[in-house]
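Engineer: predicted model and sequence follow; I will ask about them next.
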Amino acid sequence: DVLTPGFFGGGAVAAYSPHVDFAEPRPSVAERLEHGTMSFLALAALPVGFDVLFSWVRDMAAVEKHTFGLARLAYLRLTALRHGNGQPVATVYSPTAYESSDCQGPVVTFNLLRADASYVGYNQVEMAATEHGIHLRTGCFCNMGACQRWLDTSTDQLRRDWMSGHQCNDNMDIIDGRPTGAVRISFGYMSTHADVLVFIEFVESRFCESESTVRPSPVEGGVEVSKHSEEKQYELTSLMLYPIKSCAPFEVEEWEIGPSGFLYDRNWLVMTPTNAVLSQKQCSAMCRVRPTVDRQRSLLVVHSDGHAPLEVPLHTDRGSVDVRMGAIATRICGASVCGWHCGEEAAAWFTRVLARDCYLMQQDTADFSRTMSGVGGDVQDGVPVSFVNVAPFLCVNQASVRDLLRQLQESSPTEFSDVDADQLQCRFRGNLIVAGSSACEEERWKTVRIRDLTFKSAGPCSRCQMVNIDQGTGERSQEPIRTISRTQDKRLPTFGVYLYCSTYVHGRNAPPSALALRVGDQLHITE
């Protein structure tokens, strides 16, 4: 039976153990049938790769000696690193001490440790390495047997981890203080001695703690936490929509809330010819594409300097969709989503503006059933969402932005001396901008009441390198994610909190006038 084979390959399972008959298939039929890395497009490159290898390399024994020497150097330098209190910075997984290439290849697999001997999540290491232009691999490397051996993980523990939501290739790198995978660096014939030194310097500068290092609590953020539930009152200072995911915001004074958040928020995607979602991480010029919603004419109007505006209907009638385009399926954060091609005119406009082949896709609201689930916090399964990553709303506290700006101006005065709080705030792409009283307090919020609406927290928003893009110019740097990572003792750096409207979910017949927010509204916060 094709759907129930007696074997599995890479990408086809969510969890497995080689020691017992335990293998949980992926929920998607397409993923179940993958059975290995889909690299067929790279096959054509093999002859060229071999030609280069054999024209440059005359002696493979010399390559072996060279790459093993680099791995040994990395091993010796990494195991020698110590925190200020004498605790090791890394634990290396190897049956040898890198004495001979006969039994050790040119790779080093390890996890990093804090000064208190707790593990640093491999996702945090990978994110920091990416900021420094260092490419490494994380996880279990499709080798669960080795992972179980070196991480001392039993099959029963694997089952419990899977039942708690962990699966291969997700972001759960630490569970109950235990790592679920590791970090691996690999060396090839073009790697150099300098590459090793750059990597060791990176680990030392980012993860070695001095004796005087004092890390604030990730929850308290240096603010004393009340021992009892307390309600505080704040003000909503800005409302932001992002009609096209990863493009510039559309700021409004008042706006209605729909089943999946603000109406028209992240209802469109820019797509590549292979039906992959395009974001600022691949194309930073998207930050200069400015969509607006013209409800009187029922149009999405998209602006970009030097180009005539593009007008796209807010609502697409299935009968008017070009059948040659058809329905489009793609994935956002692992979830399947679908929509409609917005036509050749829109595709040509975005291709000109972004200088790359792409097209615009609109959410199919008539057949769209994606929901928010399993993101932490007090989350109710089944909350509908649009093309957002996690939750319907993202709340950003201005006090946290000002505090981060102060740190950046101290550590990187050249880059941030002329940056104001509003410019920095844009990088975090919040929907609800709130005038809070102290930095990081939003991570303690449980409920937020605005008018007659109640919002519940779905936890902090994990951040990636996209916040390092200046939303005014599209230029990239290593900040502010580097400072956020350095000042937080967390698996992944976070900034802002996710919210969902429990009033809408549990009271769908609420009057339309109640389902709107306005700048100046008072927020009542319960911690």
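Structural biologist: Received, thanks.
Engineer: now do the strands in the stretch 51-200 of the chain.
Structural biologist: Taking DSSP state E, counting those that start in this stretch as the test, the strands found in the stretch 51-200 of the chain are 90-92, 107-112, 137-139, 174-175, 178-179, 182-186.
Engineer: by mean pLDDT, show me the worst of those.
Structural biologist: When the strands of the stretch 51-200 of the chain are compared by mean pLDDT, strand 174-175 comes last with a mean of 84.
Engineer: okay, now the sheet partners of that strand, with direction.
Structural biologist: Strand pairing for strand 174-175, using DSSP bridges, gives strand 178-179 (antiparallel).
Engineer: give me phi/psi at residue 359?
Structural biologist: phi -150, psi 170 (degrees, to the nearest 10).
Engineer: and for it, the neighbour number?
Structural biologist: Neighbourhood size, residue 359 [other C-beta atoms under 10 Å]: 23. For every residue, glycine as well, the C-beta is placed using N, CA and C.
Engineer: and stretch 48-63, how far from the chain's centre?
Structural biologist: For stretch 48-63, the separation from the chain centroid amounts to 38 Å (computed by C-alpha atoms, centre = their mean, to the nearest Å).
Engineer: which residues does it contact?
Structural biologist: For stretch 48-63, the external contacting residues (C-beta atoms under 8 Å, 6 or more residues apart in numbering) are residue 189.
Engineer: stretch 82-89 now?
Structural biologist: With C-beta under 8 Å, 6+ apart as the criterion, stretch 82-89 contacts 78-79, 81, 112-117, 203-204, 207-213.
Engineer: distance between the ends of that stretch?
Structural biologist: Across stretch 82-89, the terminal residues are separated by 5 Å (C-alpha to C-alpha, to the nearest Å).
Engineer: and it, what's buried?
Structural biologist: 83, 88, 89 (16 or more other C-beta atoms under 10 Å).
Engineer: now stretch 45-58
Structural biologist: Under 16+ other C-beta under 10 Å, stretch 45-58 has no buried positions.
Engineer: and that stretch, average pLDDT?
Structural biologist: pLDDT averaged over stretch 45-58 gives 83.
Engineer: contacting residues around residue 346?
Structural biologist: Contacts of residue 346 (C-beta under 8 Å, 6+ apart): 310, 312, 359, 360.
Engineer: what does it show for phi and psi?
Structural biologist: phi -70, psi -40.
Engineer: tell me the confidence at it?
Structural biologist: 95.
Engineer: measure it to residue 310 for me?
Structural biologist: 6 Å (C-beta to C-beta, to the nearest Å).
Engineer: how about the strands of the stretch 51-200 of the chain in a markdown table, adding mean neighbour count and distance to residue 384?
Structural biologist: A markdown table is the format used below for the strands of the stretch 51-200 of the chain (neighbours: other C-beta atoms under 10 Å; distance: least, C-beta to C-beta, whole Å):
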| stretch | mean neighbour count | distance to residue 384 |
| --- | --- | --- |
| strand 90-92 | 18 | 43 |
| strand 107-112 | 22 | 38 |
| strand 137-139 | 18 | 31 |
| strand 174-175 | 18 | 29 |
| strand 178-179 | 18 | 34 |
| strand 182-186 | 21 | 37 |
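Engineer: could you pull out the helices for the chain?
Structural biologist: 29-32, 46-56, 60-80, 122-131, 144-151, 155-163, 193-207, 344-354, 398-411, 413-416, 421-426, 481-487, 502-506 (DSSP state H).
Engineer: nearest residue to residue 181 other than its sequence neighbours?
Structural biologist: Nearest non-adjacent residue to residue 181, counting by C-beta to C-beta, 6 or more residues apart in numbering: residue 139, 4.2 Å away.
Engineer: follow-up on the earlier one: go through the contacts of residue 346 and name the one nearest residue 66.
Structural biologist: Relative to residue 66, the closest of the contacts of residue 346 is residue 359; by C-beta to C-beta it sits at 46.1 Å.
Engineer: that older thread, pull out the buried members of the contacts of stretch 82-89.
Structural biologist: For these, a neighbour count by 16+ other C-beta under 10 Å gives the buried set as 78, 79, 81, 112, 113, 114, 115, 203, 207, 208, 209.
Engineer: touching, residue 181 and residue 143? I think so.
Structural biologist: No: here residue 181 does not reach residue 143: they are 10.1 Å apart, not a contact under C-beta atoms under 8 Å.
Engineer: more neighbours: which of the two?
Structural biologist: Between residue 181 and residue 143, counted using other C-beta under 10 Å, the more crowded position is residue 181 (24 against 13).
Engineer: mind pulling up the pLDDT for the more buried one?
Structural biologist: pLDDT, residue 181: 92.
Engineer: residue 512 now?
Structural biologist: pLDDT recorded at residue 512 is 46.
Engineer: the one 3 residues further on now?
Structural biologist: The predicted structure scores residue 515 at 78 on the pLDDT scale.
Engineer: that one reaches residue 255, doesn't it?
Structural biologist: No: at 10.0 Å, residue 515 does not count as touching residue 255 under the criterion of C-beta under 8 Å.
Engineer: overlap in contacts, the two.
Structural biologist: Residues touching both residue 515 and residue 255 by C-beta under 8 Å, 6+ apart: none at all.
Engineer: export the helices of the chain to CSV and tack on distance to residue 472?
Structural biologist: Converted to CSV, the helices of the chain look like this (distance: least, C-beta to C-beta, whole Å):
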stretch, distance to residue 472
helix 29-32, 39
helix 46-56, 41
helix 60-80, 40
helix 122-131, 21
helix 144-151, 44
helix 155-163, 43
helix 193-207, 28
helix 344-354, 17
helix 398-411, 15
helix 413-416, 13
helix 421-426, 7
helix 481-487, 18
helix 502-506, 34
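Engineer: pLDDT below threshold where in the stretch 51-200 of the chain?
Structural biologist: For the stretch 51-200 of the chain, the stretches flagged by pLDDT under 70 are 164.
Engineer: now do residue 264 against residue 433, distance only.
Structural biologist: 18 Å.
Engineer: ugh, wrong one, I meant residue 365
Structural biologist: 27 Å.
Engineer: out of those two, which sits in the busier spot?
Structural biologist: Using other C-beta under 10 Å as the criterion, residue 365 and residue 433 rank with residue 433 on top: 24 against 15.
Engineer: tell me the confidence at the closest residue in space to the more buried one that isn't next to it in sequence?
Structural biologist: Distances taken as C-beta to C-beta, 6+ apart put residue 238 closest to residue 433, at 3.7 Å, once the chain neighbours are dropped. The confidence metric pLDDT takes the value 96 at residue 238.
Engineer: show me the contacts for residue 238.
Structural biologist: Taking C-beta under 8 Å, 6+ apart, one finds 251, 432, 433, 519 in contact with residue 238.
Engineer: would you confirm that the second one contacts residue 392?
Structural biologist: No: in this structure residue 432 lies outside contact range of residue 392 using C-beta under 8 Å: 10.5 Å.
Engineer: identify the contacts common to these two.
Structural biologist: Joint contacts of residue 432 and residue 392 (C-beta under 8 Å, 6+ apart) are residue 499.
Engineer: which of these two has more residues huddled nearby?
Structural biologist: For residue 432 versus residue 392, neighbours defined as other C-beta under 10 Å are more numerous around residue 392 (27 against 24).
Engineer: correct me, but that one touches residue 383?
Structural biologist: Yes: in this structure, residue 392 is within contact of residue 383 by C-beta under 8 Å, at 6.9 Å.
Engineer: any common contacting residues for these two?
Structural biologist: Common neighbours of residue 392 and residue 383, using C-beta under 8 Å, 6+ apart, are 372, 500.
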